[in-house]
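Q: sequence and predicted structure below; questions after.
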Amino acid sequence: MKKILLAIVTVLFTQFALAETSFSSLEEQMNGKDFQATGLEKLSASELEALNAWIRSRSLATLDTPKAGTPTGTVYSGQDGDTRGFESEQMKNADRSTITSRIVGKFIGWDGQTIFTLENGMIWEQADKDKFYVKELENPVVNIEPGAFRTWRLAVEGYATECKVKRIQ
């Protein structure tokens, strides 16, 4: 049950980059069938409220949202304008040079559903189901390099293991 809830929360993080003031609860974002299929109807009102508060405080409130008037389909790249990692028809010839930055905060590896927040403002999510664990590191340096078929691979400096990632912010 915890894995299902974690998967749901991760999907919601990547799908809805909303400001805290315009936060929509899980009940509002999901249809009834999906709400039941995920088992969320089994939560008490206070448990559901706590889950919504957790989502609001941990993820959605920290993601930048597109500026008003941004056309649909336009990639929002954040404050620095760096669009590396966003893949779309408009960006076929985009810069695919290596990105070097640091993961913000503590890092213990990836588990198939990991979100990577970098100090350069980029946010990436793991795009494969690989698992890799390390002793806790603080703000480790990472390199994100282009791979085959327009993919990207993240590696933590000092380790030979990498995972496939896609940029979400």
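A: On my side now, so go ahead.
Q: could you look up the SS state of the residue nearest to Y133 when sequence neighbours are not counted?
A: If the residues on either side of it in the chain are set aside, Y133 comes closest to G109, at 3.8 Å by Cβ to Cβ, 6 or more residues apart in numbering. Just so you know, the C-beta spots here come from the backbone N, C-alpha and C atoms, and that holds for glycine as well. At G109 the chain is in strand, as set by DSSP: H, G, I helix; E, B strand; the rest coil.
Q: quick one: residues contacting G109.
A: 131-134 (Cβ atoms under 8 Å, 6 or more residues apart in numbering).
Q: just the residues you listed: which are in strands?
A: 132-134 (DSSP state E).
Q: buried residues in stretch 95-102, which are they?
A: Along stretch 95-102, these residues count as buried under the neighbour rule (16 or more other Cβ atoms under 10 Å): 99, 101-102.
Q: what pairs with the helix or strand containing S101, parallel or antiparallel?
A: Element membership for S101, per DSSP states H and E: strand 99-102. Note on strand 99-102: by DSSP bridges, its sheet partners are strand 141-146 (antiparallel).
Q: average pLDDT across the strand it pairs with?
A: Averaging pLDDT along strand 141-146 yields 93.
Q: kindly report the same for stretch 37-44.
A: 83.
Q: okay, and the beta partners of the nearest residue to D130 once chain neighbours are set aside?
A: Spatial nearest neighbour of D130, excluding adjacent residues (Cβ to Cβ, 6+ apart): C163 at 5.0 Å. C163 has the following beta-bridge partners by DSSP bridges: L154.
Q: what count of nearby residues applies to C163?
A: 23 (other Cβ atoms under 10 Å).
Q: for R96, see how far away it is.
A: Using Cβ to Cβ, to the nearest Å, one obtains 18 Å as the distance from C163 to R96.
Q: follow-up on the earlier one: possible to save the contacts of G109 as CSV with pLDDT, distance to I168 and neighbour count?
A: Output for the contacts of G109, formatted as CSV (pLDDT from 0 to 100; distance: Cβ to Cβ, whole Å; neighbours: other Cβ atoms under 10 Å):
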residue, pLDDT, distance to I168, neighbour count
K131, 92, 20, 14
F132, 92, 20, 16
Y133, 92, 23, 10
V134, 91, 23, 14
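Q: turn the residues you listed into JSON lines, including distance to E49.
A: Converted to JSON lines, the contacts of G109 look like this (distance: Cβ to Cβ, whole Å):
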{"residue": "K131", "distance to E49": "32"}
{"residue": "F132", "distance to E49": "34"}
{"residue": "Y133", "distance to E49": "32"}
{"residue": "V134", "distance to E49": "35"}
